[in-house]
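[1] Only the shape, not the letters, is given here:
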């Protein structure tokens, strides 16, 4: 059956209201929707069963080159098309890629997610990380090193913010995630399920290079500004990444890549 495309000729068309002024609205947290952007991200969206898509919106001159992506889109998902001028007017800025979709996110509790993980699992835990670039990069690293899930405290930014999805190259759609009210609740849930927690900080006691992965492991990361609290540092095992003696600052996303690579390796 040939795919039907629905042309949009006016920015006022109510069918594409969800895409209007997405930079300002971004739809995060609004009726459980999110914006996915770009070919790579949409390929991830339509190759995972974790999310349903509400619609797809394409620049009309991109359609002919998107055969593989279009084949992935379920038949019940409408695909709208528009000229570059109309699409940009709708979005409120120039959409360079010309490839957008609206997805719907399910609600999953942190405890329920943990209970679905296999006996051997590497988990990433984030506390107070509010920078979308960092969250997106950490998800990308988590996917690269086989993390089974990412857990976030409520004061972390939304992984389904459009920029976070883009920076993650779709990893926020691939790696399961859920939220906890705070770090104490997150840590308690992990400990109840026999996950050793390793808190990463420049003040950590042991070098991450000396850590050996256990069948279950959780890596806890804090924000770049405040880091992990003194309470967290006192009650949890801690590790650091060895650096030059005259510099001890590493971006949290870069630090996550180094630590996850260490915990991913089984030697």
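    Looks like it came in fine. Just so you know, these numbers come straight off a predicted model, no measurement behind them.

[2] List of residues touching the host helix or strand of residue 101?
    Assigned by DSSP states H and E, residue 101 belongs to strand 99-104. Under the criterion C-beta atoms under 8 Å, 6 or more residues apart in numbering, residues 18-19, 22, 27, 32-39, 42, 45, 51-59, 62, 66, 69, 91, 160, 173 lie in contact with strand 99-104. C-beta: built from backbone N, CA, C; applies to glycine.

[3] again, only using 7 Å
    Strand 99-104 has contacts (C-beta atoms under 7 Å, 6 or more residues apart in numbering) with 18-19, 32-39, 42, 45, 51-58, 62.

[4] So which of those are in strands?
    Of the contacts of strand 99-104, the ones assigned to strands by DSSP state E are 33-37, 52-58.

[5] Could you dump the residues you listed into TSV and include pLDDT, distance to residue 10 and neighbour count?
    Shown next, in TSV, are the ones in strands among the contacts of strand 99-104 (pLDDT from 0 to 100; distance: C-beta to C-beta, whole Å; neighbours: other C-beta atoms under 10 Å):
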residue	pLDDT	distance to residue 10	neighbour count
33	86	22	17
34	89	25	26
35	89	21	25
36	91	24	25
37	92	22	21
52	90	27	14
53	94	23	20
54	94	20	15
55	96	17	18
56	97	19	26
57	97	14	27
58	96	17	24
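
[6] ok, the residues you listed vs residue 190, which is closest?
    Within these, the smallest distance to residue 190 is 26.3 Å, found for residue 34 (C-beta to C-beta).

[7] tally of neighbours for the nearest residue to the closest one once chain neighbours are set aside?
    Once flanking residues are discounted, residue 34 sits nearest to residue 160: 3.8 Å by C-beta to C-beta, 6 or more residues apart in numbering. Residue 160 is surrounded by 23 other residues when neighbours are defined as other C-beta atoms under 10 Å.

[8] and the ones in strands among the contacts of strand 99-104 as a markdown table, adding distance to residue 204?
    Below are the ones in strands among the contacts of strand 99-104 laid out as a markdown table (distance: C-beta to C-beta, whole Å):
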| residue | distance to residue 204 |
| --- | --- |
| 33 | 39 |
| 34 | 34 |
| 35 | 37 |
| 36 | 36 |
| 37 | 37 |
| 52 | 41 |
| 53 | 42 |
| 54 | 44 |
| 55 | 46 |
| 56 | 45 |
| 57 | 46 |
| 58 | 47 |
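
[9] and the angle from the strand holding residue 101 to strand 33-37?
    Relative orientation of strand 99-104 and strand 33-37, computed by axes from the mean of the first three to the mean of the last three C-alpha atoms, to 10 degrees: 160 degrees.

[10] all helices for the stretch 101-250 of the chain, in order.
    All helices of the stretch 101-250 of the chain, identified by DSSP state H, counting those that start in this stretch, fall at 110-116, 132-144, 162-167, 171-174, 183-192, 230-235.
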